[in-house]
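Asks: Have a look at this prediction, sequence included:
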Amino acid sequence: MGDEVKIDKQLFHTRLGQLVSSWKDPKKNEAYSGVGSIVVVMGKTAEGPYSKSLSLHFWLLGYEFPATLFLITPEKFYVVTTAKKAKHLEALQGGKIPVEFLIRGKDEAENKKQFQQICDAIKKSGNKVGVLTKDQAQGPFAKAWREVYSPDALGLEEVDVSSTFSQAMAVKDEAELKTMRACSRALVGLMKDHFIDEMSKIIDEEKKVTHSALSQRIEAKIDDEKFFKQKALKLGDDFDVTQLDWTVGPVVQSGGKYDLKTSAQSDDSPLHAGIILASMGLRYKSYSAQIARTYLIDPSKAQEKYYGFLTDLQWRILTEIRDGAICKDIYNKAVSIVKAKHPELEKHFMKTIGYGIGIEARDANLAINAKSTRVLKDGMTICVTVGLSDLENPKPQDAKSKNYSLLLTDTVRVTTGDPLVFTGGCPKDLKEAAFYFKDEEPEVKVKPETKQVRAAAPKSTAVIMKSKLRGERKEVDDGAEQRRKEHQKELQAQMQTRGLERFSEGGAVGDGKSKRQIKKFESYKRENQLPLAVSDLKIVVDAKNQTVIVPIFGRPVPFHIATIKNASKTEEDDFTYLRINLLSPGQGVGRKDDMPFEDPNAHFLRSLTYRSTDNERIASICDAITDMKKNATKREQEKKEMEDVVTQDNLREMRNRRPQRLSDVFIRPGLDGKRVPGELEIHENGMRYQSPNRPDQRVDVLFSNVKHLFFQPCAHELIVLIHVHLKDPIMIGKKKTKDVQFYREATDIQFDETGNRKRKYRYGDEEEFEQEQEERRRRAELDKEFKAFAEKISEAAKKIEAGVDVDVPYRELGFSGVPFRANVLCSPTTDALVSLTDMPFLVITLDEIEIAHLERVQFGLKNFDLVFVYKEYTRPVTHINSIPMELLENVKEWLDSSNIAYSEGPLNLNWPTIMKTVIQDPKQFFIDGGWSFLGTDTDEEDQDDEEEESEFEASDFGEESDGSASDESDFDDDGNASADEGSEASDVDSGEDWDEMEEEAERKDRNGGDKAKAKPRKR
């Protein structure tokens, strides 16, 4: 025993005094049974549970002193021990109760004399002596004591005082309770944050791991100091991991063989995916706590019912545990509940449902059973354990699932009201304890969409033209066109009304909150913070404080980099001039020059110019200022870009069942490092993409942040994907994004076609046909798998009231265009317009669109542009350029069927200027007619175009224009023949002679038949 042993003298005398005072009190000394003295003999140290003698040592002294005898009398405390141990105990002298030491040495006669002296003291105190009957001390010291001490020879009556010590140690003080709480938290952490993960991983991956091997993994965890330092465990910085030790287990049981006793051990049977019992107990600074939980893997309905009843029963028992309650009454109450609700379970119910716990891991003197008359007191700590043994499963999954048991154990503190459950941090509700690894949910079938498709259009206009010929235009149903115009008038009127109501109070958008103000900057708070170099009245560039300090009239004047526009240098003769331009209002007429005049009477410096003969120094100063400005601008842009990025809540992982997974999927935007497929998992409040590269390389997306959920099949595409459009952007690595996509490639290169024996017997078309069939089958399976998983995501989101429906792009309604740089297919969905195949992604929510404007709609152009203006006017408009002109009617029909007002015009508009005007005074904008200006000029211009075209045709081509106006295609032989016949007939009727007709034919030959047939362009 080292020199670091320190005995708490005050604690020793306080507890010894409590023991002696109750002994002397006639009202409380019944437990002492009239004994005059108590002898406690401690032999050599032995492994195993704490004995009552050892518990008394820890309770009084805080340490174990082997080969030591205590004799306690109401007047004195005797200690027989060695000189080395007595040295540690000398501090106990001088207290209220005298302590006398008898030091043993190597002289056997003297040692025997000391024991005889103890016997005389016992005899003097009375004929009854208290002993701990169940404690059988071992070793030379105990043997020498028994040679001297003979109760019969001394005429003494031995009385077992185990219950006396049990009562004295049962009520804990605050220091003891604090230690037990810390011990309980460590237990909860091991069970909740380690055992569950290990167990579920084994079951999930179907590994063959024995109970004993799993127990050893858990047992070794108490050496992991880092684990217990986690803030989530709330153990505090002063928690000493080295003082943790096991008292129970860990014990893991499954597979039909269960033992609900605390002495149970883990066997070498493999862990079985059924009912799993886990029990464990820790000791921290001599004080113990225990916990046991039952985990149900794919339970039957009967197992769920009985487990739910057991948790309810434990809660009912806990409500009965309070100060003044009698142990047998608590047990009888529990039995009555079992008889009333499930009488068939009475024979399976435990005979003891609790016992005392503290320094002893199990104090049987404080048992809660049908015979115990012990009365509970405030401050006691109880281990409450309820269980049902040897139950029969009516629907077993296999032979090992036929029999099972259920067990719940918690460490609690008795109070005057409801008890405090120290191990309550480890949940035990059915939803937390049941794990469902078998996918019992029915397979999601792809149902036909019952929702009204906003993009649905009449058959005549819903199909994209196969021909891309410039002159080929579709027939327009006059009735449909008229209905569309009337509908658009209604939409325009509604939009105008909404605008007037929305901005009835006037003012700029945002109520002036976005009004620019001159920013205030502070480089230095005090003059002594200026760099020492300014004393030389030189120009100093202070990169640390983002400031340029220049001398003005003999004084250093600091200018923050945010007030500097730029710096430049020029060389003239022997001098170099440094010009520093500063930001000030009214410098120019550019769009960025909107710096406000806060004070009309204020004066601003526009620039500073300095001259020097030191060319190199001026050049270095200019470069330093330029670099500092670049860095400041970059930081400002990054800060502005990150303003709308949200920090998501923590993802609540699925703990009671295996999360549904979609394996071998890639993510876009991609993660750092090598591109490898990962897994997409569905958890309680979101989904997680886990990369196999590193455990910390993952992306969490919460359901509450999902705005749209898209599934796009691999038909006509190289990939099948699930796309998530977010409400607020998140960070993926160093990239900010509002779109996260999970996809798998569907090309043949993803499949290994080597090693097939049939290949050498198959040749030509037969093999090619088989490959095509196989590819169609693979694509159908991919679509089915991704569609089902997207539906599962939607269902999981709806459970937490953050539901979002799966949306599918309608490719047949799509149109090609250029939203960014590349020409892509833009496909409508129920709620959006999307382009998801290539990055960057395009997702436009239809409900957010105020109006769509078609630009460059005029005869003779191949393409037109589409502009979306949003209801949030501060948001930049979205352009989709270069849409083929033959899709114009399709786009109009889709916009109209989606209840989106649209207009068209022949020119591209300056939208930043338009939106700036709208934002400045939206009320006046709508009073002046709102968006009607987009369509007014267009109608008049169309009429002018028609007149110009007719005049042009009559003057240049004469009656030939009649032939070109035919409804048939220019490349149709019959159509050309009929046109020629009509032309000739008109020629004869007009009275032209053969000479004129020959001249007309020659002119047609020169111009070319195709050009003559084409519609003329406007001059």
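Replies: Great, that's in hand.
Asks: mind checking how far residue 139 is from residue 248?
Replies: 27 Å (Cβ to Cβ, to the nearest Å). All C-beta atoms are positioned from the backbone trio N, CA, C, and that covers glycine.
Asks: which stretches of the chain aren't confidently modelled?
Replies: Low-confidence segments of the chain (pLDDT under 70): 1-3, 46-49, 438-478, 506-519, 586-600, 643-646, 656, 748-766, 936-999, 1002-1019.
Asks: In it, where's the longest helix?
Replies: helix 765-799 (DSSP state H).
Asks: For residue 139 and residue 248, indicate the residue with more neighbours.
Replies: residue 248 (24 against 15; other Cβ atoms under 10 Å).
Asks: For the more buried one, what are phi and psi?
Replies: The phi and psi torsions at residue 248 (degrees, to the nearest 10) take the values phi -130, psi 120.
Asks: List the beta-bridge partners for it.
Replies: Note on residue 248: beta-bridge partners by DSSP bridges are residue 281.
Asks: I figured it hits residue 279, correct?
Replies: Yes: here residue 248 reaches residue 279: they are 6.0 Å apart, a contact under Cβ atoms under 8 Å.
Asks: host element of residue 214?
Replies: Element membership for residue 214 (DSSP states H and E) is helix 211-220.
Asks: Can you give me the buried ones in that helix?
Replies: Judged by neighbour count using 16 or more other Cβ atoms under 10 Å, the buried positions of helix 211-220 are 211, 214, 215, 217, 218, 219.
Asks: Which of the helices or strands spans the most centrally placed residue in the chain?
Replies: Centroid-nearest residue in the chain: residue 651, 2.1 Å away (criterion: Cα atoms, centre = their mean). Using DSSP H and E, residue 651 maps to neither a helix nor a strand.
Asks: leaving aside the residues next to it on the chain, what's closest to it?
Replies: Distances taken as Cβ to Cβ, 6 or more residues apart in numbering place residue 700 nearest to residue 651, at 4.4 Å, with adjacent residues excluded.
Asks: Can you give the domain ranges for this protein?
Replies: The chain breaks down by the TED database into domains covering 9-169, 174-435, 529-593+604-643, 660-749+773-799, 811-934.
Asks: these two touch, right, residue 823 and residue 816?
Replies: Yes: applying Cβ under 8 Å as the test, residue 823 and residue 816 come out as touching, 5.7 Å apart.
Asks: which residues of the stretch 701-850 of the chain fall in strands?
Replies: All strands of the stretch 701-850 of the chain, identified by DSSP state E, counting those that start in this stretch, fall at 706-712, 719-732, 735-745, 806-807, 815-817, 824-828, 832-835, 842-845, 849-855.
Asks: okay, now residue 65: neighbour count?
Replies: Residue 65 has 23 neighbours, counted by other Cβ under 10 Å.
Asks: If you could redo that for residue 286, that was the one I meant.
Replies: So residue 286, with other Cβ under 10 Å, has 22 neighbours.
Asks: For it, give me phi and psi.
Replies: phi 80, psi 0.
Asks: That one contacts residue 64, correct?
Replies: No: Residue 286 is beyond contact range of residue 64, at 9.1 Å (criterion: Cβ under 8 Å).
Asks: Give me the common contacts of those two.
Replies: The contact sets of residue 286 and residue 64 overlap at residue 58 (Cβ atoms under 8 Å, 6 or more residues apart in numbering).
Asks: Determine which stretch of the strands of the stretch 701-850 of the chain is the most buried.
Replies: strand 832-835 (a mean of 25; mean count of other Cβ atoms under 10 Å).
Asks: List the contacts of the helix or strand that contains residue 196.
Replies: Per DSSP H and E: residue 196 is located in helix 196-204. Helix 196-204 is contacted by residues 207, 209, 214, 217-218, 252, 271, 273, 276, 278, 295, 297, 435, 437, 655, 658 when judged by Cβ under 8 Å, 6+ apart.
Asks: now do 10 Å
Replies: 190, 207-209, 213-214, 217-218, 221, 252, 254, 270-274, 276, 278, 293, 295, 297-298, 426-427, 432-433, 435, 437, 653-659, 661 (Cβ atoms under 10 Å, 6 or more residues apart in numbering).
Asks: Can you name the residues bridging to residue 687?
Replies: Counting by DSSP bridges, the residues bridging with residue 687 are residue 682, residue 701.
Asks: likewise residue 408?
Replies: With beta bridges defined as DSSP bridges, residue 408 has these partners: residue 386.
Asks: Now for it: which residues touch it?
Replies: Contact analysis of residue 408 by Cβ under 10 Å, 6+ apart lists 277, 291-294, 307, 310-311, 313-315, 384-388, 428, 433.
Asks: what do you get if the cut-off is 8 Å, keeping everything else the same?
Replies: Contacts of residue 408 by Cβ under 8 Å, 6+ apart are 292, 293, 294, 310, 311, 314, 385, 386, 387, 428.
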